[in-house]
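Undergrad: Sequence plus predicted model, see below.
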Amino acid sequence: MESTLKIDGVRYIVTMDPERRIIADGSVVITGARISQVGKAADLAGVATDAVIDGRGMALTPGFVNGHMHISYAHAVRGLFPDDLGADYLPNVFRLQGAMTDDDEHATSLLAITELLKYGTTAFVDPGSTTHLDACLEAYRQSGCRIIVGRSVLDRPNPLNLPVYETDAALRMTEATIAAYNGAPDGLVTAWAMPFSPEFCSPELLAATQAIAESAGTRLTLHFTNGPRWIEECRQRHGCAPTEYLERCGALTPQMTLSHCLGITGDEARLIAERGASVVMCPTAAVKGGAGMTHHGLLPELLQYGATVGLGTDAGNNSNLLETLRSVYLAAVLYKDGRQDVGMIPAETALELGTIRGAAALGLDDIIGSIEPGKAADLVLFDTQRAEWGALHNPVNSLVYNADGRSVHTVLVNGRVVVENHRPRFVDEAGLVAEVQARGEALIKRAGVSFAPRWPVV
Ligand SMILES: [Zn+2]
């Protein structure tokens, strides 16, 4: 018999179901890993379960989805880099990353996952930068998170200190990664093909990774941050825009999730929507990096043309903020300001980007992203009795504009309670933070990368 759990008497359940119902004084019944019933508390009063979580004074949402977050390195060196490193930023990042051991990656992954889960993000994509996946698999298992992994591959010289593979070797590595990790453990880990970017992958590699993903019944993702140099190169060498180039390579498909998606035109946004490719935009990284997101990151146009869009954060160094609700907030406010139009990205749409639309952008919307019978029990309880929640009249407006991860009280993934009363249940948080601090200091020394704070530390 599967165990049963009821979250009872919830102040508001923000279901994100097809009718977008918000159930006042509601309850959710969970059987094993799945949601089995959702309704008014009074209607479910007669349902007895093995355990009960008191939902009074709480708001319940689906677990949040982060479609682009480098799990395994940045926490060890977080906040190291000055704001204005520019083109020197990524080569330093990859130099540090290349010097990490399997134990470093394990501890750093566990800390990143702890932060994500603690503030309500239950599913995330690690876009290919983890080298020691076997070691990190232990961190995924221990925490019980839902994660998509893969290995970044590229076959062209690059100024980023990223290893270059022969095309065949990159393809073998992609196949082996999918074979080894797709579906492990308990189906919570999924593996994708992860060609790094169209700038540093040959057309052959793009086409073949797409074919591998499709035949394995999985997906693929690319860094699609089109700067002026790459846009000009596409124009000169291929006579087209970056999105059209992807289509020519056979990589603009329903299996593709384009990360960042900056530097596109309205016509390219329409093409992405028409071809059924998904997009993950990373507003916290874009604003810190001065990317001009509201100018050429065409989120309103992508939505208008019907593209599937979710949110990500990128790594803990180029955004520093991993909390999906902060990204949801930015999605809701950036375009109102940038376009001087309060009709841009309503709060309801922004919340969809962090939940059901975000799940769809990863091909997971039949499993997660809403609170409905049959879906996985990936759930977040917010304590609405905290100051930032008062007064509460519209749960969507409050979630998007005044709440954040501080009020996340309890988190479940696949029916398992991973955070309880604001504390992760799977790890000694303070001990882990101290361990990653020590590992980060050793890593900086070993890699010979250092940037002193501008103000004197005395
Ligand atoms: Zn990235």
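TA: Structure received. What you see is a predicted model, and the numbers here were worked out from it, not measured in a lab.

Undergrad: can you list the residues of this protein near the ion?
TA: Proximity of the chain to the ion is confined to Pro127, Asp314 under the rule Cβ under 5 Å from the ion. Any C-beta I mention is one placed from the backbone N, CA and C, and that applies to glycine too.

Undergrad: any idea which helix is longest in the chain?
TA: Looking across the chain with DSSP state H, the single longest helix is helix 429-447.

Undergrad: Give me the helices and strands touching that one, please.
TA: helix 89-98, helix 102-118 (3 or more Cβ pairs under 8 Å, 6 or more residues apart in numbering; DSSP states H and E).

Undergrad: Quick check: Cys207 vs the ion, distance?
TA: Cys isn't right for residue 207; it's Ala. 22 Å (Cβ to the ion, to the nearest Å).

Undergrad: residues making contact with the helix or strand harbouring that residue?
TA: Element membership for Ala207, per DSSP states H and E: helix 203-215. For helix 203-215, contacts defined as Cβ atoms under 8 Å, 6 or more residues apart in numbering pick out 153-155, 167, 170-171, 174-175, 178, 192-195, 198, 201, 219-220, 222, 246, 248-251, 253, 255-256.

Undergrad: For Val153, which residues are in contact?
TA: Neighbours of Val153 in contact, by Cβ under 8 Å, 6+ apart: Gly128, Tyr165, Ala170, Leu171, Met173, Thr174, Met194, Pro195, Phe196, Cys201, Leu205, Thr209.

Undergrad: Could you turn the buried ones of those into a ChimeraX selection?
TA: ChimeraX command restricting the contacts of Val153 to the buried ones, with burial defined by 16 or more other Cβ atoms under 10 Å:
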select :128,165,170,171,173,174,194,195,196,201,205,209
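
Undergrad: just the contacts of Val153 now: which is nearest the ion?
TA: Gly128 (8.2 Å; Cβ to the ion).

Undergrad: returning to that earlier point: buried ones from the contacts of helix 203-215, can you make that a PyMOL selection?
TA: Restricted to buried positions by 16+ other Cβ under 10 Å, the PyMOL selection for these reads:
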select buried, resi 153+154+155+167+170+171+174+175+178+192+193+194+195+198+201+219+220+222+246+249+251+253+255+256
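
Undergrad: Okay, and Asn397 sits in which element?
TA: helix 395-397.

Undergrad: State the distance from the residue nearest the centre of the chain to Thr221.
TA: The residue lying closest to the centre of the chain (Cα atoms, centre = their mean) is Asn66, at 1.8 Å. Going from Asn66 to Thr221 by Cβ to Cβ, to the nearest Å gives 13 Å.

Undergrad: Which residues are in contact with each of the two?
TA: Common neighbours of Asn66 and Thr221 (Cβ under 8 Å, 6+ apart) are Val125.

Undergrad: Flag every buried residue along stretch 265-278.
TA: Thr265, Glu268, Ala269, Arg270, Leu271, Ile272, Ala273, Arg275, Ala277, Ser278.

Undergrad: what's the distance between the third one and Leu330?
TA: When Cβ to Cβ is applied, the distance between Ala269 and Leu330 equals 19 Å.

Undergrad: same question, the first one
TA: According to Cβ to Cβ, Thr265 stands 22 Å off from Leu330.

Undergrad: Which of the three states applies to the nearest residue to Gly276 once chain neighbours are set aside?
TA: In this structure, Gly276 finds its nearest non-sequential neighbour in Pro254, 3.8 Å apart by Cβ to Cβ, 6 or more residues apart in numbering. Using DSSP: H, G, I helix; E, B strand; the rest coil, the structure places Pro254 in coil.

Undergrad: same thing with His223?
TA: With three-state DSSP as the criterion, His223 reads strand.

Undergrad: Contact partners for it?
TA: So His223 contacts Pro127, Phe196, Ser197, Ser259, His260 (Cβ under 8 Å, 6+ apart).

Undergrad: In the worst-scoring helix or strand of the chain on mean pLDDT, which of the residues would be classed as buried?
TA: The least trusted helix or strand in the chain, going by mean pLDDT, DSSP states H and E, turns out to be helix 89-98, with a mean of 89. Using 16+ other Cβ under 10 Å as the test for burial, helix 89-98 gives Tyr89, Leu90, Pro91, Asn92, Val93, Phe94, Leu96, Gln97.

Undergrad: Contact partners for the first one?
TA: So that's Tyr89. Contacts of Tyr89 (Cβ under 8 Å, 6+ apart): Phe81, Asn318.

Undergrad: hmm, back to that, so which of the contacts of His223 comes closest to the ion?
TA: Distances from the ion to the contacts of His223, taken by Cβ to the ion, are shortest for Pro127, at 5.0 Å.
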